[in-house]
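A.B. asks: Prediction below, plus the sequence it came from.
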Amino acid sequence: MLGLMQDWPLTVDRILDHAHSWFPKREVVTRSLEGPISRTTYGNIWRRAKQVTNALQGEGIALGDRVATLAWNTERHMEVWYGAMGMGAVLHTVNPRLHPEQIAWIINHAEGKILFLDTTFVPIIEKIAGELRTVKAYVILTDRAHMPSTALANAMAYEDFIEGHAQEARWGGFDENTACGLCYTSGTTGDPKGVLYSHRSNLLHAMAANSADCFGAGANDVVLPVVPMFHANAWAIAFVAPMCGAKLVMPGAKLDGPSVYELLESEKVTFTAAVPTVWLMLLNYLRETNSKLTTLKRVAIGGSAVPEAVLRAFEDDYGVEVVHAWGMTEMSPIGTIGKLLPEHYAQGHEAQIKAKLKQGRALFTVDMKIVDDEGHDKPRDGKAFGRLMVKGPAVARAYFKNAGARDAKGECLEADGFFDTGDVATLDELGVMQITDRAKDVIKSGGEWISSIDIENIAVGCEGVANAAVIGVAHPKWDERPLLIIEPKPGANPTKEQVLAFLEGKIAKWWTPDDVVHTEKIPLGATGKINKLALRETFRDYRLPNV
Ligand code: AMP
């Protein structure tokens, strides 16, 4: 027997429709690429997104066509986002931090027909335009007055592109499983792979991501996604904010400490989200200028593990709650959330800090387990490490064009339908997950595993250390031993002895790095994570002193 409830396909156009109906005057504030702070509303964004739909259709874009964007978080990016998704085109966010050749490869692979780009990215695209086989038109996200002179053929200013188009257009009316967004993984091994979100997966994921124990944002919140829309849908915030009617603050191209701080204070932001490197910059700025955070209540941190020093600074020094999140592009992206449980609250402050450093428990819609190399379940004892496997309606089952397929159906799943995250983790008795490493970064020493992430997170708390990375280097007896690479703070010179003394007692003795070396800058990848591949390359000929 089927239920007798209405059929209301879960398509994301309904999110902006809802914001337009119920929060039409709620502000969306942008630090524009042109410079000034601009202010609009969900009502205006809805009307202009409809113009985008009409303009796209005028260019021949139809259901399923890929519409690419190379853009920061701005109101115009939101308009293109909903204008394309609403009509059933696939919004393909491209990460501008990738190498231009990779950008060209990705746009070609996705077969983008039209590319919307910020003025800052025009030089990049001019260089590779000759290689872009499918792009027929370039829309530069500005007005005529700010239009750069460009060699790009068929380039037009965004304001001209939408001008004169009707502010009404039909959205939705297609199956909720229709493709909605396309985002490529960073591709640290092999070519990048396309994750093709559906309307249904994005909508369900946004609802889960905004549950009380996750972002928990509402119409009284002011939300600043520092995490870019090209990084897995700004962790769902581009959907969450209009869904709940929160005021939205878009940081544009300026993600440095002073700029983020200025927006946090001037717009009275209550909730924000980004990777740890952004918060290291902000916290440094706060300390240098002796500034306070007067309105911020919660900060979501993910993409890589929250360093203990960052957690303590936010919670203890500035009274801001840290929401530690883990996920990946293939998971839309959020998988777990580090909100504490009653059992944690029954313990002291230090135990709570320790629990918050873990990546957290599964969001509803995520099923999760850890297994050994043969696929057997590992115990939930907080000690046993295993490959982290996930399942759910917002988890990829295949990559675009069947890249990385493991079976004849083109899917990328294990035999039991679980997706292998490539992370290694523990699960404790309370179901709280802790990432111990990327499977390929874990250091195998004498048959045992050493977590590079653990050591890094502790090391960044040491005085004079700006950033830290641990890689495994060859050792004749133990196979591999950890090498700690330190990026000192400007003017600081933390010695090997000081750093090792700081680690003592905080990690198992046999995890102690065999050497500590300095580097000017720890290389970061396109999504702000430490680029271990580059570090391994730099230190390829390095020999440990005790060998
Ligand atoms: P991406 O698809 O670029 O978002 O990268 C996903 C990967 O980032 C995950 O598989 C993890 O290895 C890593 N990651 C994300 N969040 C965290 C976190 N909170 N702690 C540790 N690693 C994380």
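C.D. replies: Yep, it's here.
A.B. asks: Give me the most central residue, this protein.
C.D. replies: Central residue of the chain (Cα atoms, centre = their mean): H231, 4.3 Å from the mean position.
A.B. asks: How about the backbone phi and psi for it?
C.D. replies: phi -110, psi 80 (degrees, to the nearest 10).
A.B. asks: does the ligand sit close to stretch 357-366?
C.D. replies: Yes. Judged by Cβ under 6 Å from any ligand atom, stretch 357-366 comes into contact with the ligand at Q359. Backbone N, C-alpha and C define where each C-beta goes, glycine included.
A.B. asks: Show me what counts as buried in that stretch.
C.D. replies: Neighbour counts using 16 or more other Cβ atoms under 10 Å place 357-363, 365-366 of stretch 357-366 among the buried residues.
A.B. asks: can you pull out the strands in the stretch 51-200 of the chain?
C.D. replies: Secondary structure of the stretch 51-200 of the chain (DSSP state E, counting those that start in this stretch): strands at 66-70, 90-93, 112-117, 137-140, 155-157, 179-184, 194-198.
A.B. asks: mind putting those strands in TSV, distance to the ligand included?
C.D. replies: Below are the strands of the stretch 51-200 of the chain laid out as TSV (distance: least, Cβ to the nearest ligand atom, whole Å):
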stretch	distance to the ligand
strand 66-70	17
strand 90-93	12
strand 112-117	20
strand 137-140	27
strand 155-157	30
strand 179-184	9
strand 194-198	8
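A.B. asks: Can you lay out those as a markdown table showing mean pLDDT and mean neighbour count?
C.D. replies: Formatted as a markdown table, the strands of the stretch 51-200 of the chain follow (pLDDT from 0 to 100; neighbours: other Cβ atoms under 10 Å):
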| stretch | mean pLDDT | mean neighbour count |
| --- | --- | --- |
| strand 66-70 | 98 | 27 |
| strand 90-93 | 98 | 26 |
| strand 112-117 | 98 | 25 |
| strand 137-140 | 98 | 23 |
| strand 155-157 | 97 | 18 |
| strand 179-184 | 98 | 25 |
| strand 194-198 | 98 | 22 |
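A.B. asks: By residue count, tell me the biggest helix in this protein.
C.D. replies: Longest helix in the chain by number of residues (criterion: DSSP state H): helix 42-58.
A.B. asks: Out of the buried residues of stretch 357-366, which sit inside strands?
C.D. replies: 361-362 (DSSP state E).
A.B. asks: Need the max-distance pair from the buried residues of stretch 357-366.
C.D. replies: By the measure Cβ to Cβ, L357 and T365 form the most distant pair in the buried residues of stretch 357-366, at 24.3 Å.
A.B. asks: In the stretch 351-500 of the chain, which residue sits nearest the ligand?
C.D. replies: I435 (4.1 Å; Cβ to the nearest ligand atom).
A.B. asks: helix, strand or coil for that residue?
C.D. replies: Classification of I435 by DSSP: H, G, I helix; E, B strand; the rest coil places it in strand.
A.B. asks: what number of residues lie near it?
C.D. replies: Around I435 there are 21 other residues, counting by other Cβ atoms under 10 Å.
A.B. asks: got the angle between the helix or strand where T30 lies and helix 42-58?
C.D. replies: Per DSSP states H and E, T30 falls inside strand 27-31. With axes from the mean of the first three to the mean of the last three Cα atoms, to 10 degrees applied, the angle from strand 27-31 to helix 42-58 works out at 70 degrees.
A.B. asks: For strand 27-31, the averaged confidence score.
C.D. replies: Mean pLDDT, computed over strand 27-31, is 98.
A.B. asks: For it, give me every contacting residue.
C.D. replies: Residues from elsewhere that reach strand 27-31 (Cβ atoms under 8 Å, 6 or more residues apart in numbering): 37-42, 45, 73-76, 78, 247-254, 259, 263, 267.
A.B. asks: show me where pLDDT drops low in this protein?
C.D. replies: Scanning the chain with the threshold set as pLDDT under 70 gives 186-189.
A.B. asks: Quick check: residues of it near the ligand?
C.D. replies: With the criterion set to Cβ under 6 Å from any ligand atom, the chain comes near the ligand through 185-186, 232, 302-305, 324-329, 333, 359, 421-423, 435, 438, 527.
A.B. asks: quick one: which of those sit in strands?
C.D. replies: Filtering the residues of the chain next to the ligand for strands - DSSP E - leaves 324-327, 421-423, 435, 438.
A.B. asks: among the residues you listed, who's most crowded?
C.D. replies: Highest neighbour count within those: W326, with 28 neighbours (other Cβ under 10 Å).
A.B. asks: who's that residue bridged to?
C.D. replies: Beta-bridge pairing of W326 under DSSP bridges involves T336.
A.B. asks: Could you work out the most separated pair of the ones in strands among the residues of the chain next to the ligand?
C.D. replies: For those, and using Cβ to Cβ, no pair is farther apart than H324 and G422, which are 19.3 Å apart.
A.B. asks: For burial, what's the neighbour tally of the spatially closest residue to T41 that is not a sequence neighbour?
C.D. replies: Here the nearest residue to T41 in space, its sequence neighbours aside, is K25; by Cβ to Cβ, 6 or more residues apart in numbering that works out to 5.3 Å. For K25, the count of nearby residues is 8 (other Cβ under 10 Å).
A.B. asks: correct me, but K25 touches N44?
C.D. replies: No. With contact defined as Cβ atoms under 8 Å, K25 does not reach N44; the gap is 9.5 Å.
A.B. asks: what comes into contact with stretch 163-176?
C.D. replies: Counting by Cβ under 8 Å, 6+ apart, 9-11, 13-14, 17, 47-48, 50-55, 57-58, 63, 86-88, 198-200, 203 sit against stretch 163-176.
A.B. asks: From the residues you listed, list the buried ones, please.
C.D. replies: Buried subset of the contacts of stretch 163-176 (neighbour count, 16+ other Cβ under 10 Å): 9-11, 13-14, 17, 47-48, 50-55, 57, 86-88, 198-200, 203.
A.B. asks: Break the chain into its domains for me.
C.D. replies: What automatic domain parsing lists as the domains of the chain is 13-365, 366-439, 441-538.
A.B. asks: so which of those comes closest to G3?
C.D. replies: Nearest of the domains of the chain to G3, taken as Cβ to Cβ: domain 13-365 at 16.3 Å.
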